[in-house]
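Enquirer: would you be able to build a 3D model of this:
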Amino acid sequence: MMRWLLAVLLWVATVPASAQANQQADAAPLQFRDAAEETRFHALASELRCVMCQNQSLADSNALIALELRREVLDLMREGKRDGEIKDFLVQRYGEFVLYQPRVAGRTWLLWLGPALLLLAGAGVVTAIVRKRTPPGLPADDGQEW
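Expert: Below is the predicted model:
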């Protein structure tokens with residue numbers, strides 16, 4: 001019984017070490033074939049969002065999933081996929097959220113037009129408040145004291 005317990009404890013103690021070793025292997029820098037491939041990769045990775053960090057690009061994130069996605073993007077590039085095809089693949093897998101610049105579509109129209117609509121609504125509220133403060137027929141205050 002004591003041997004069995006010791007074996008289980010030893011195994012449990014080595015699991016985090018092996019997981020850390022796998023993560024460090026994944027963190028190894030990517031090897032590019034040439035400068036053009038590296039430039040294209042960095043441009044594409046900066047247009048994609050880390051699905052875990054949410055406020056960092058794929059190029060900037062240190063999350064494990066970002067490391068895996070960077071490797072996958074490079075593999076897709078080497079398979080001959082164009083940037084649009086790679087983005088489409090990631091959108092199918094993770095949704096429009098993965099793109100820093102979501103496409104203009106029926107479901108994203110509010111995202112694109114929302115700021116302009118809010119600005120117009122704010123201007124309308126300010127105009128209504130100013131008109132309400134100035135009674136009709138009275139000249140606007142010209143800064144002179146009576």
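
Enquirer: in the chain, where is pLDDT below threshold?
Expert: Across the chain, residues meeting the criterion (pLDDT under 70) sit at 5-27, 108, 135-146.

Enquirer: nearest residue to the middle of it?
Expert: Nearest to the mean C-alpha position of the chain, counting by Cα atoms, centre = their mean, stands R49 at 2.6 Å.

Enquirer: need the contact list for that one.
Expert: 56-58, 97-100 (Cβ atoms under 8 Å, 6 or more residues apart in numbering). Every C-beta, even on glycine, is put in place using the N, C-alpha and C of the backbone.

Enquirer: helices - which of these land there?
Expert: Using DSSP state H, no member of those falls in helices.

Enquirer: so how do I select the buried members of those residues in PyMOL?
Expert: Here is the PyMOL selection string for the buried members of those, based on 16 or more other Cβ atoms under 10 Å:
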select buried, resi 57+58+98+99
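
Enquirer: now the two most distant members of the contacts of R49.
Expert: In those, two members sit farther apart than any others by Cβ to Cβ. They are Q56 and L99, at 13.9 Å.

Enquirer: which stretches of the protein form helices?
Expert: Assigned by DSSP H, the chain shows helices spanning 2-26, 35-46, 64-78, 83-94, 109-133.

Enquirer: ok, so what distance separates P102 from L117?
Expert: Distance, P102 to L117, using Cβ to Cβ, to the nearest Å: 17 Å.

Enquirer: look at the two and report which has more neighbours.
Expert: Under the neighbour definition other Cβ atoms under 10 Å, P102 and L117 were set side by side, and P102 has more, 16 against 10.
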